[in-house]
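In: Any chance you could fold what I've pasted below:
(chains A and B)
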Amino acid sequence: NAGVTQTPKFQVLKTGQSMTLQCAQDMNHEYMSWYRQDPGMGLRLIHYSVGAGITDQGEVPNGYNVSRSTTEDFPLRLLSAAPSQTSVYFCASSYSYPSNTEAFFGQGTRLTVV
Amino acid sequence: GENVEQHPSTLSVQEGDSAVIKCTYSDSASNYFPWYKQELGKGPQLIIDIRSNVGEKKDQRIAVTLNKTAKHFSLHITETQPEDSAVYFCAASMEAGTALIFGKGTTLSVSS
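Out: Residues are numbered from 1 along each chain as shown, chains lettered A, B, ... in the order given. Predicted structure coming up:
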């Protein structure tokens, strides 16, 4: 059982480049989310999804797009990378109905924008 | 929206001592309060959680208490060990399917 798999683990981008961070889970969780982690800022929610075809914005959504075409996958897109997006990104998944349950996190993607 | 405050940001204890981390939340509708432990280079992992219909929950050396009236909850670790050294996050969420909002984390260091 792989759990939550994030790829790549490390990435360096130039300002203005685009890329997609991949996230896949094999637990049939309906709820998936993306967080960014910066020193002293904790985990801040970027976008989340309560099921295939449904997404919503979190605390810091600007500069990021998401889609949820399948239950398993929840990719995060950076359309035009900026140095302020240098961070560690975590994807998480969980059951959310009938009540929220344990969120399982991936190992993270460390992104540097130069 | 929900806002979660966590204190202290760093905590240093001697092995065998107890450690307490406190969090407050802003939205009285929140009803699920998990605690996560993050080791270096890894993703956060759930260590204990509590729901709003429970005041206290224990799991071996770890306990969590919840005061709904004051809107705060705390993590208690007894008989700390060096392997307890990590970053700990509290979080809160409302009804099913809503987002999990995290505090800024506490770096716990246990020295032997």
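
In: Quick check: buried residues in the strand ranked longest in chain A?
Out: The residue-count maximum for a strand in chain A (DSSP state E) belongs to strand A:42-51. When burial is assessed from 16 or more other Cβ atoms under 10 Å in any protein chain shown, strand A:42-51 yields the following buried residues: A:42-50. Where you see a C-beta, it was placed from the backbone N, CA and C, and this is true even at glycine.

In: can you check stretch A:4-23 too?
Out: A:4, A:6, A:11, A:13, A:19, A:21-23.

In: Check what pLDDT residue A:79 gets.
Out: If you check residue A:79, the pLDDT there is 92.

In: Against chain B, how distant is it?
Out: Separation of residue A:79 from chain B (Cβ to the nearest Cβ, to the nearest Å): 23 Å.

In: wait, residue A:49 sits on residue A:25?
Out: No: contact between residue A:49 and residue A:25 fails when scored by Cβ atoms under 8 Å: they sit 11.3 Å apart.

In: which bits of chain A sit near chain B?
Out: A:4, A:30-31, A:33, A:35, A:40-45, A:48, A:50, A:56, A:58-59, A:90, A:92, A:96-100, A:102-103, A:105-108 (Cβ under 8 Å from any Cβ of the partner chain).

In: Now, of these, which are buried?
Out: A:4, A:30-31, A:33, A:35, A:42-45, A:48, A:50, A:58-59, A:90, A:92, A:96, A:100, A:103, A:105-108.

In: all strands for chain A, in order.
Out: Taking DSSP E as the criterion, chain A carries its strands at A:4-7, A:10-13, A:19-25, A:31-38, A:42-51, A:54-57, A:64-66, A:76-78, A:87-94, A:104-105, A:109-113.

In: Put together TSV for those strands, with distance to residue B:33 on each row.
Out: Written out in TSV, the entries for the strands of chain A read as follows (distance: least, Cβ to Cβ, whole Å):
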stretch	distance to residue B:33
strand A:4-7	22
strand A:10-13	33
strand A:19-25	23
strand A:31-38	17
strand A:42-51	15
strand A:54-57	21
strand A:64-66	26
strand A:76-78	26
strand A:87-94	14
strand A:104-105	17
strand A:109-113	27
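
In: Out of those strands, which gets nearest to residue B:76?
Out: With Cβ to Cβ as the criterion, residue B:76 lies closest to strand A:42-51 of those, at 20.5 Å.

In: tell me how far the closest one is from the chain's mean position?
Out: For strand A:42-51, the distance between its averaged C-alpha position and the chain's averaged C-alpha position is 7 Å (Cα atoms, centre = their mean, to the nearest Å).

In: Which strands or helices does it pack on?
Out: Strand A:42-51 makes packing contacts with strand A:31-38, strand A:54-57, strand A:64-66, strand B:101-102 when contacts are defined by 3 or more Cβ pairs under 8 Å, 6 or more residues apart in numbering or on different chains; DSSP states H and E.
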